[in-house]
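Novice: no letters, just coordinates:
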């Protein structure tokens, strides 16, 4: 009884899988004539597998019996050598195959970074340094990272904070709040509600 259930289940699953495989792509379904034409073409070109153990095609076993296949033209020897010289010069040639590390990865100081951005000019850097020295923003104590301004705050100008509004602007806002009733004076709510 148990074997019968397993057989019925296996039969049902196999028919389900086969049905899905056939219905998977009806546009790709081929007619008998198309399949036969592909088979004859593969036989003519030597693309049929004739050695099942090794998986070799007839062309691989007897290459002289079949016409030569067109191969894509690669780079010439001189082009390959020029590409190699450029890769060595720029440090992009892989030297450790297991990790894929390049010359640039192993010795980054020797090779210019490919993504290096243009920095500041010498004059710009000098101007920034002078400004930092004037404001006390240079690091004076390297061990704890304090700036000169943090060590001696009296020697450097204090930062001026921008003020929000002038006195006239605040008075105008208060007058407007009184007019529209949004100003709460003495904890009373405005407008006064009459119960």
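Specialist: Received, thanks. As the structure is a prediction and not an experimental result, all values here were calculated from the model. Numbering: from 1, shown residues only.

Novice: can you list the low-confidence ranges for this protein?
Specialist: Low-confidence segments of the chain, defined by pLDDT under 70: 1-27, 70, 72, 113-118, 159-163, 184-195.

Novice: give me the domain ranges for it.
Specialist: Per automatic domain parsing, the structural domains of the chain span 2-65, 136-181.

Novice: for residue 80, which of these is the nearest?
Specialist: With CB to CB as the criterion, residue 80 lies closest to domain 2-65 of the domains of the chain, at 25.8 Å. From N, CA and C alone the C-beta is placed, and that goes for glycine too.

Novice: ranges for the helices of this protein?
Specialist: 2-23, 32-45, 58-61, 77-90, 103-106, 122-135, 148-151, 167-180 (DSSP state H).

Novice: quick one: closest of these to residue 71.
Specialist: Of all the helices of the chain, helix 58-61 comes closest under CB to CB, at 13.3 Å.

Novice: hang on, the earlier thing: now the domains of the chain as a markdown table including distance to residue 97?
Specialist: A markdown table is the format used below for those (distance: least, CB to CB, whole Å):
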| stretch | distance to residue 97 |
| --- | --- |
| domain 2-65 | 28 |
| domain 136-181 | 42 |
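
Novice: which among those is found nearest to residue 87?
Specialist: Closest to residue 87 of the domains of the chain is domain 2-65 (CB to CB; 33.8 Å).

Novice: returning to that earlier point: so can I have TSV of the domains of the chain showing mean neighbour count and distance to residue 107?
Specialist: Formatted as TSV, the domains of the chain follow (neighbours: other CB atoms under 10 Å; distance: least, CB to CB, whole Å):
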stretch	mean neighbour count	distance to residue 107
domain 2-65	10	44
domain 136-181	11	28
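
Novice: and stretch 91-110, how far from the chain's centre?
Specialist: On the basis of CA atoms, centre = their mean, to the nearest Å, stretch 91-110 is displaced by 21 Å from the centre of the chain it belongs to.

Novice: correction: stretch 60-76
Specialist: With CA atoms, centre = their mean as the basis, the mean position of stretch 60-76 lies at 39 Å from the chain mean.

Novice: also stretch 105-125?
Specialist: In this view, stretch 105-125 has its centroid 23 Å away from the chain centroid, taken as CA atoms, centre = their mean.

Novice: list the buried residues in that stretch.
Specialist: Across stretch 105-125, burial judged by 16 or more other CB atoms under 10 Å covers residue 111.

Novice: show residues contacting it.
Specialist: 90, 91, 92, 95, 96, 103, 104, 128 (CB atoms under 8 Å, 6 or more residues apart in numbering).

Novice: could you dump the helices of the chain to JSON lines with distance to residue 68?
Specialist: Formatted as JSON lines, the helices of the chain follow (distance: least, CB to CB, whole Å):
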{"stretch": "helix 2-23", "distance to residue 68": "36"}
{"stretch": "helix 32-45", "distance to residue 68": "11"}
{"stretch": "helix 58-61", "distance to residue 68": "10"}
{"stretch": "helix 77-90", "distance to residue 68": "22"}
{"stretch": "helix 103-106", "distance to residue 68": "39"}
{"stretch": "helix 122-135", "distance to residue 68": "64"}
{"stretch": "helix 148-151", "distance to residue 68": "79"}
{"stretch": "helix 167-180", "distance to residue 68": "89"}
